[in-house]
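Novice: What shape does this take:
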Amino acid sequence: MDEAPITPIKEEKMPTYNKKAIRLIGVMITGGIVLGLILSSIFITETNNKIQEYADEIAELFGGNIPPFINIRITPLTTTEIILPTLGVVIVCISMFLLIGLIAVYFKVYAKTKSKYIFGLFFVLIPLFIESIFLVYALRQLFAFPIIPALPPGPRIGESIGFEWGGLGQILVIISIFESIGLSILLYLSNE
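Specialist: Next up is the predicted model:
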């Protein structure tokens, strides 16, 4: 009786995901969302206060009423004016938290290995973190652009600087989205 040789069954390895890295990325994104919403709330309140103060100053100059020929805003920011700037601040804050996570991971690796390569990564990550802080400040200033009055001879200044199509605010948000995606991938790979 000839028996066929027994061949081992080949098991295909199922891809596994680094759950620790995914949890860390989730925590960093959640922290960025929370901080972004808190900062946006502060920026909205600040802008609405500026609108009211400016309107009060102009009204005081003219005896309590603002003449119709003076084109200033007297109403608080609307929901549509709040959405994009808030989204921008949230995305930049997510990017900041991902950078904090990367810096912490690389600091831990550097403490174990004393690698010059890892030390060099700090010179990339720390300036990126500082840049994110400046981006939050820039977005804070852009919250106030809807209150700039229209100038009769030309287009509104806020259209090229604010969050409208092609405006500076929108460009900063798009850059931050791509930065956050890249940092998420780097953070995931750094935790393997």
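Novice: list the buried ones in the host helix or strand of residue 123?
Specialist: Remark: residue 123 resides in helix 116-143, with elements defined by DSSP states H and E. Across helix 116-143, burial judged by 16 or more other C-beta atoms under 10 Å covers 118, 121, 125, 128, 129, 132, 135, 136, 139, 140, 142, 143. C-beta: built from backbone N, CA, C; applies to glycine.
Novice: Run the angle between the longest helix seen in the chain and helix 116-143 for me.
Specialist: The residue-count maximum for a helix in the chain (DSSP state H) belongs to helix 19-61. If you take axes from the mean of the first three to the mean of the last three C-alpha atoms, to 10 degrees, helix 19-61 sits at 30 degrees to helix 116-143.
Novice: Compute the mean per-residue pLDDT across helix 19-61, please.
Specialist: Averaging pLDDT along helix 19-61 gives 89.
Novice: Report all helices and strands that it contacts.
Specialist: The helices and strands touching helix 19-61, judged by 3 or more C-beta pairs under 8 Å, 6 or more residues apart in numbering; DSSP states H and E, are helix 79-113, helix 116-143, helix 168-190.
Novice: For residue 62, find the nearest of these.
Specialist: helix 79-113 (26.2 Å; C-beta to C-beta).
Novice: Figure out how far the closest one is from the centre of its chain.
Specialist: Centre-to-centre, helix 79-113 and its host chain are 7 Å apart (C-alpha atoms, centre = their mean, to the nearest Å).
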